[in-house]
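**Q** when you get a sec, could you give me coordinates for this:
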Amino acid sequence: MLKKLISHTVIYGLAPYVIKLVSLFILPIITKDLTALDYGVAGLVSGYVGIFAVLGTLGLPIILSNSFIKHEKNYTLIWRHIYGFLSIWNVIYGFLISAILFLLLNSVVSDENLLLVIFCSVGPIIFFGPTQSIGSLFYQLNKKPIQVVWRSIFFGILAILLNLYFISHLKMGYLGWFFSDFIVGVLFNVSYWWALNVKYKLNPIYRFRWKSILKYLKISLPIIPHQYANFFLRSSDRAVMGFLKVPSNQIGLYSLSSNFGNYFYSITSAFSTAANPFILNDLKRNNVFRVRSVIYLLQIIILFGTFIFSLWSKEILLILIKNEELYSIYPLVIIIVMAFSYRPMYLASSSVLFFKEKTKELLKVTFVAGFFNVSLNTIFIPIFGFEFAAYSTFACYMYVGYSGFFLKSFIMNKGAVSFYPLLWLFITLTLTTLACFAVELSYVSKIIISIIVLFISLFSIYLIKSKWGFDEK
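**A** Model prediction:
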């Protein structure tokens with residue numbers, strides 16, 4: 001199991017996101033043709049789109065995952081009914097978003113570009129609905145990561161080439177991102193459409209059973225506020241800045257800082273994607289000991305990666321960003337990147353609650369965190385400046401990562417196993433504080449710190465394998 005977990009983690013965590021890391025190296029090229037205003041416009045649009053993105057699936061992927069694990073012989077019929085329902089819903093949803101974006105972006109995007117931005121943002125949703133999300137989930141649960149990875153690599157390279165062409169060659173500014181996203185989004189969905197509808201015969205059933213759909217929605221709809229927390233924590237800060245009339249160049253600086261955080265969000269999501277099928281199968285067998293070993297392994301790897309990047313962020317940004325105004329963001333990058341180390345511990349508590357279909361309990365974690373993030377930003381950004389959003393995001397992510405362990409539903413379901421959340425929270429806060437101060441040290445000092453942290457990480461992994469291991473308990 002350990003070898004398969006590691007191989008899948010490497011595939012999900014490294015192969016597809018090599019493209020994201022490679023895209024960092026085009027920054028010196030495209031930043032010459034972009035301004036803080038371009039980043040500001042793109043950040044605002046993505047923020048507004050993110051507000052409504054969670055409505056696209058209505059939380060129904062939890063039904064898809066649980067039916068795959070719990071009903072191995074007849075899950076396909078459930079999937080086809082949900083696919084058909086979501087395909088119809090996404091047409092309505094897409095046009096609804098178009099109308100809302102037209103109203104919200106009227107004063108931000110120029111008239112000649114407004115309809116293009118809206119079409120590029122919602123076109124793939126209307127044309128293909130949930131195809132990409134259902135297709136990737138299908139391969140993930142079947143433990144076929146290569147099928148997800150080749151698509152990520154191919155279309156990732158295509159996105160990079162298109163960005164270079166539209167932004168640096170045609171000098172289209174922020175429009176270049178939207179054109180690239182539309183083209184890649186359509187082709188990405190086409191590849192999954194063929195797999196689902198032709199190869200595996202998982203074509204949608206449009207005459208679905210309303211009684212079954214309503215039963216599924218009763219479980220899935222409470223997940224929508226939970227999923228909204230992801231927007232509140234990752235995108236709402238820019239929307240709040242727009243509402244507060246923060247200057248576009250400052251929104252652009254924060255948006256660029258968030259982009260580095262998004263790279264780590266993608267990487268930690270990939271680790272979670274690799275581990276999720278194993279965790280679900282272990283929960284089905286009530287093997288919580290092995291779940292803990294998997295979570296600890298992921299937590300150590302992710303903490304090490306986020307800390308080392310943060311420690312060397314000043315030097316990394318100096319290489320990647322050839323713009324003095326944009327380069328000054330590295331202190332914010334540290335806080336935002338370290339925030340995403342929350343993910344493995346969140347995966348532990350949320351997996352138990354999702355598997356037991358205690359979806360309403362998650363509102364006490366993610367929705368509360370999202371609400372406080374928006375509230376704190378609204379109150380304190382006018383006082384302390386746009387930089388405050390990074391610190392509120394970090395605090396709220398720590399709440400998301402660790403508060404779930406103290407919910408009554410988790411305590412009742414986890415079995416006689418402790419995940420020691422307060423210890424991991426202390427380690428995270430310590431490493432974040434160290435990175436904030438050590439980033440200004442000399443190269444020699446940073447090298448010594450990096451070696452020490454690497455040794456501690458490797459020794460910790462050895463202890464987990466030798467003391468707790470990955471064998472059945």
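**Q** pLDDT below threshold where in the stretch 251-400 of the chain?
**A** Along the stretch 251-400 of the chain, segments meeting pLDDT under 70 span 322-325, 327.
**Q** give me that answer again for 90
**A** Residues of the stretch 251-400 of the chain meeting the criterion pLDDT under 90: 251-298, 313-331, 346-375, 377, 381, 384-387, 389-390, 393.
**Q** what segments of it are strands?
**A** According to DSSP state E, counting those that start in this stretch, the stretch 251-400 of the chain carries no segments that qualify as strands.
**Q** now do the helices in it.
**A** 288-311, 313-320, 324-327, 330-339, 343-355, 366-384, 388-403 (DSSP state H, counting those that start in this stretch).
**Q** what's the burial count for residue 300?
**A** 21 (other C-beta atoms under 10 Å). Placement of C-beta: from N, CA and C, glycine included.
**Q** gap between it and residue 460?
**A** Using C-beta to C-beta, to the nearest Å, residue 300 is found at 5 Å from residue 460.
**Q** kindly report the same for residue 328.
**A** For residue 328, the distance to residue 460 - C-beta to C-beta - is 35 Å.
**Q** which residues are in contact with residue 396?
**A** With contact set as C-beta atoms under 8 Å, 6 or more residues apart in numbering, residue 396 has these partners: 232, 233, 369, 370, 372, 373, 376.
**Q** cutoff 6 Å now
**A** Listed by C-beta atoms under 6 Å, 6 or more residues apart in numbering, the contact set of residue 396 reads 233, 369, 372, 373.
**Q** hmm, back to that, who's more crowded, residue 328 and residue 460?
**A** residue 460 (17 against 12).
**Q** and that one, what element?
**A** helix 443-463 (DSSP states H and E).
**Q** what's the mean pLDDT across that helix?
**A** Per-region confidence: helix 443-463 scores 92 on mean pLDDT.
**Q** residues in contact with that helix: which ones?
**A** Residues from elsewhere that reach helix 443-463 (C-beta under 6 Å, 6+ apart): 300, 304, 308, 311, 438.
**Q** swap in 7 Å and give it another go.
**A** 297, 300, 304, 307, 308, 311, 312, 438 (C-beta atoms under 7 Å, 6 or more residues apart in numbering).
**Q** got the angle between that helix and helix 288-311?
**A** In terms of direction (axes from the mean of the first three to the mean of the last three C-alpha atoms, to 10 degrees), helix 443-463 departs from helix 288-311 by 170 degrees.
**Q** just the angle for helix 443-463 relative to helix 313-320, thanks.
**A** Using the same axes, to 10 degrees: helix 443-463 against helix 313-320 is 110 degrees.
**Q** can you point out the buried residues in helix 443-463?
**A** 446, 449, 450, 453, 457, 460 (16 or more other C-beta atoms under 10 Å).
**Q** turn those residues into CSV, columns for distance to residue 142.
**A** Putting the buried residues of helix 443-463 into CSV (distance: C-beta to C-beta, whole Å) gives the following:
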residue, distance to residue 142
446, 43
449, 42
450, 38
453, 36
457, 32
460, 32
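**Q** next, count neighbours for residue 347.
**A** 25.
**Q** just residue 96 next, same as before
**A** By the other C-beta under 10 Å criterion, the neighbourhood of residue 96 contains 13 residues.
**Q** go on, the one 5 residues further on?
**A** Counted with other C-beta under 10 Å, the neighbours of residue 101 add up to 22.
**Q** so what's it up against?
**A** Counted by C-beta under 7 Å, 6+ apart, residue 101 has contacts 48, 118, 121.
**Q** helix or strand for the spatially closest residue to residue 185 that is not a sequence neighbour, which one?
**A** Take residue 185 and drop its neighbours on the chain: the residue closest to it by C-beta to C-beta, 6 or more residues apart in numbering is residue 124, 3.7 Å away. Here residue 124 sits within helix 111-128, counting by DSSP H and E.
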